Structures are given as C-alpha cells and as structure tokens.
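# Quick one, fold the following:
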Amino acid sequence: MHKKITLPALKPRKRTSHKGQNGRILVIGGSEDYIGAPALVGMSAIAALRSGADLVTVAAPKKVSWAINCIAPDLITRKIPGKQFTRKSVLRVLELAKSADAIVIGNGITLTKESTAFMREIIRRANKPIIIDAAALRVIRVQDVQNAVLLPHAKELETLLKNSKLSLKNVQRQLRNNILVLKGHPKTAILSRTKRAINTTGHPGMTHGGTGDVLAGIIAALIAQGNDAFTACKIAAHVNGKAGELLAKKYGVGYLASDMILEIPTLLKKYQKIN
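Predicted coordinates for the structure are as follows:
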C-alpha cells in the first residue's frame, strides 16, 4: 500500500542572505540536431529560477546557447563548442559543475556515441546532487549513479530497467542514496531505498512536451536551496501537477509547459518561509 503524500515546509531562506546563497544550478543539455532543444533546456532552467534558485547556468552547444539567451535573458549560458556534446566537452563542463549546488542533465540532448560518453562521464564525475532526465536516463544503469534523482516517464523507465537488468519490483532495493520519480497520471510514485510516496496532482493535458523539464527544474532548485532530495521531489511533483490542474480550469487541455512555469511561485509560496 502506498502512503498518501504529505508535504513538509521547505528549508527557510535567511533574511540576510545574498546572491548565490539560495542555490546555484547547472543545466546541461541541448543539441543542434534537436530543433526543440533550446525550449526544453530553457524550460528546465527557468523553472529552477521560478522555484527560488538564485543563479542558473546553462551549458549547451554554442548555437543552442544563443537561442536560449533569446528565450530567457535571465539565464547565464556557457557556450560549448560544436553541434553536440562530445568527450572533449567533459572537462569544461565539469569545471562549471564545481560551483553548482545541483545539476540537471539530459534535456534536449541527441543520443550519439559521443554524447553518450559525455553524459556518462559527467554523471560519474560531477560529485554533486544530479537530476537525470530525458536522454541521460537511456545511457545509465541505476547501480552506477550516486546522489541522483531519476525522472523517467514510462518508455524511459523501460530502457533504464533493461540497462540495469532490474524489474520494477526490485529496483527500489538498488537505489542506495538515489531517488526514483516514476512520472505518470493519475499517480506519480516517488521512491527512495526505504521510503515511498504517491503524488496525485496532475492533469491529462500535461502530456504536452516540456512538463517533465519543468519538474526537473523545480526539483533542482529545491535541492540546491538545501532541502533533502525526497522532500524536494514530493513538493516538486505536487506543485508541478497542481499547476497543470489550475491551468486546465482556464484552458482545458490547451495549456503549455511555459504556462506552468508562471504558476510555480504562487504554488510554492505556502511551503516557503523567510527567517
């Protein structure tokens, strides 16, 4: 039996805090081969800002980075040479990761031999809390990651379990210090090695592209602000789903992931305090 989700308060923000003390995030994603990449990567990054993170840096291939700058001038971009990430990109991106409190990787990356090697190296060597989404979920095994949040939808979960030689029944025992968020509707399951929670907020209109990227950004922001990963995932899943519900009342199923981002600050406000 799943226990119904309960939502604690988030870690309070200090009244005397200054820029950078409330979360620095690095979002790694994008490819020139994927025409929607700037929107997907930007969606995750803007969601992180709307969730209270102080600074969000996007590492993306050069032309993708310029497109993201046009979409969202609030984001810092680091322009990685080439059309896609390669082994040559690893050291430069790892250097950027040193100043991050949390990392998001996978959104908008085209799967190639080079990008696969790049993602595996970043995940293995970043040594920071890392949210693994989209393409990055298809190149790892559960057993090979540490301090990670895994965000698969149904097809990505199938690939992840196959690569890990695990089943849905036994994957929880292999999570160690990782969190698995099984995205779905009407229920999203959040699993650690020893705990489970179920989120029931959401709406069928959330099948639009980008809603999962928004979730990744919210989770990254909450972790970067000092919340434990399980708490961050519970609150982020609730808020992400609630945004879809509220927008459905206005637009039916015609709302966009970018509309959801604008709902985040109001929905998160009840869990946030300033001391």
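
# tell me the centre residue of the protein?
residue 216 (1.9 Å; CA atoms, centre = their mean).

# shaky segments in the chain?
Within the chain, the set of residues satisfying pLDDT under 70 comprises 1-6.

# all strands for it, in order.
Remark: strands assigned in the chain by DSSP state E are 24-28, 55-61, 76-80, 102-105, 130-132, 148-150, 179-182, 188-191, 196-199.

# wait, which of those strands is closest to residue 207?
Taking CB to CB, strand 188-191 is the member of those nearest to residue 207, at 13.5 Å. Bear in mind the C-beta positions are built from the backbone N, C-alpha and C, glycine included.

# any chance of the strands of the chain in TSV, plus mean neighbour count and distance to residue 123?
As requested, those are exported to TSV (neighbours: other CB atoms under 10 Å; distance: least, CB to CB, whole Å):
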stretch	mean neighbour count	distance to residue 123
strand 24-28	29	10
strand 55-61	27	14
strand 76-80	19	17
strand 102-105	29	7
strand 130-132	29	6
strand 148-150	26	7
strand 179-182	24	15
strand 188-191	22	19
strand 196-199	20	24
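
# Have a look at this protein and report its longest helix.
As assigned by DSSP state H, the longest helix anywhere in the chain is helix 229-251.

# which outside residues touch it?
Helix 229-251 is touched from outside by 5-8, 10, 51, 129, 147, 149, 179, 181, 188, 190, 192, 195, 197, 199-203, 205-206, 211, 214-215, 218-219, 222-223, 227, 255, 259-260, 263-264, 267-268, 271, with contacts defined as CB atoms under 8 Å, 6 or more residues apart in numbering.

# Now, of these, which are buried?
Buried by 16 or more other CB atoms under 10 Å: 5, 10, 51, 129, 147, 149, 179, 181, 188, 190, 192, 197, 199, 201-203, 205-206, 211, 214-215, 218-219, 222-223, 227, 255, 259-260, 263-264, 267-268, 271, out of those.

# could you pull out the helices for this structure?
Per DSSP H, the chain carries helices over the ranges 37-50, 62-71, 90-97, 113-125, 154-164, 211-224, 229-251, 257-268.

# between these, which one is nearest to residue 20?
Of all those, helix 211-224 sits nearest to residue 20, with 10.5 Å by CB to CB.

# before we move on, back to that, in CSV: the strands of the chain, plus distance to residue 169.
Converted to CSV, these look like this (distance: least, CB to CB, whole Å):
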stretch, distance to residue 169
strand 24-28, 32
strand 55-61, 37
strand 76-80, 40
strand 102-105, 28
strand 130-132, 22
strand 148-150, 17
strand 179-182, 13
strand 188-191, 12
strand 196-199, 13
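
# Nearest to residue 34, out of those?
Closest to residue 34 of the strands of the chain is strand 55-61 (CB to CB; 10.0 Å).

# Can you pull out the residues in contact with the closest one?
Identification of contacts with strand 55-61 by CB under 8 Å, 6+ apart yields 19-20, 23-32, 37-38, 41-42, 45-46, 48-49, 65, 68, 74-85, 92-93, 96, 100, 108.

# The same query, at a cut-off of 7 Å, please.
Residues outside strand 55-61 that contact it (CB atoms under 7 Å, 6 or more residues apart in numbering): 20, 24-32, 41, 45, 48-49, 65, 68, 75-78, 80, 82-85, 93, 96.
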